[in-house]
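>>> quick one: sequence and predicted model below, then my questions.
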Amino acid sequence: MDLTTHPVTPDRFDDFVAVVNPNRRDTHCWCLSHRLSAREVHDLGGGDREVAARALGRRGNPPGVVGYDDQGTPVGWCSIGPRADNTRLSSSKLITPIDDVPVWSIICVVVRGGHRRRGVTTPLIEGAVAYAADRGAPAVEAYPVDPGERRMDLTMAFVGTRRMFEKAGFEVVGETAAMASKMPRLVMRRVVTARHESDRTTKP
């Protein structure tokens, strides 16, 4: 898959929506549940989750990257940002830090319906890691499960799997007290280095 990734700045918000919530349902996912408290949703969007999600793209670190295929179609979304900026995650009693490294955290990975099983996931994660590296992240973490031969509940598939992140260069460094699909969530980490301008392959 020839995939390019771009941070979800306000001008790309509709592309993000096309992946995660194409029908713009109020009760559907806006990728806020592990990021913002209810108070923050109210302060940013007056209680409107779409407005709050859009506002995040105006911050210094937009909250993730959208992946585009070679036709320019938005086909994937990876939520990533400094763990410390994600209020819900940073205050979690179930997914706690394993050390003092100021990691960036991948909260979810979503591939748009109709584009799955086409090799989107690995370059999408790679693009998210590159985005974090460009902004000085020393390491990126994810919190997937290891289902083995078991089938995951599709509503929890956004957390990802161990194999998915291993293919993108992540290693298991710990285990959380959180569960998804009745399976423990792991801590997986990839150490990254800030890249020189000439090394950059994604387009900011």
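Sure thing, it's come through. This is a predicted model, so every value here is computed, not measured. Numbering: from 1, shown residues only.

>>> which residues sit in contact with Ala38?
Shown in contact with Ala38 (Cβ atoms under 8 Å, 6 or more residues apart in numbering): no residues. The way it works is simple: take the backbone N, C-alpha and C, and place the C-beta from them, glycine included.

>>> ok, it to Asp85 distance?
17 Å (Cβ to Cβ, to the nearest Å).

>>> same question, Asp14
Taking Cβ to Cβ, one finds Asp14 at 23 Å from Asp85.

>>> tell me which of the two has more neighbours.
Asp85 (16 against 12; other Cβ atoms under 10 Å).

>>> tell me which element the closest residue in space to that one that isn't next to it in sequence falls in.
Among residues not flanking Asp85 along the chain, Asn61 sits closest, at 6.6 Å (Cβ to Cβ, 6 or more residues apart in numbering). Following DSSP states H and E, there is no helix or strand that holds Asn61.

>>> in this structure Asn61 contacts Arg83, no?
No - if you go by Cβ atoms under 8 Å, Asn61 and Arg83 don't touch, sitting 11.6 Å apart.

>>> does Arg88 count as helix, strand or coil?
Arg88 falls in the helix class when you classify it by DSSP: H, G, I helix; E, B strand; the rest coil.

>>> how close does it get to His34?
On the measure of Cβ to Cβ, Arg88 and His34 end up 5 Å apart.

>>> which of these two has more neighbours?
A direct count of neighbours by other Cβ under 10 Å for Arg88 and His34 places His34 higher, at 19 against 16.

>>> what secondary structure does that one sit in?
Quick answer, by three-state DSSP: His34 is coil.

>>> use 52 as the first number for this chain going forward.
Sure, I'll start numbering at 52, so the last one becomes His85.

>>> contacting residues for it?
130, 137, 139-140, 158-159.

>>> got it, and Val161?
Applying Cβ under 8 Å, 6+ apart, the residues contacting Val161 are 70-71, 127-129, 209.

>>> and with 6 Å instead?
Contacts for Val161 (Cβ atoms under 6 Å, 6 or more residues apart in numbering) come out as 70-71, 128, 209.
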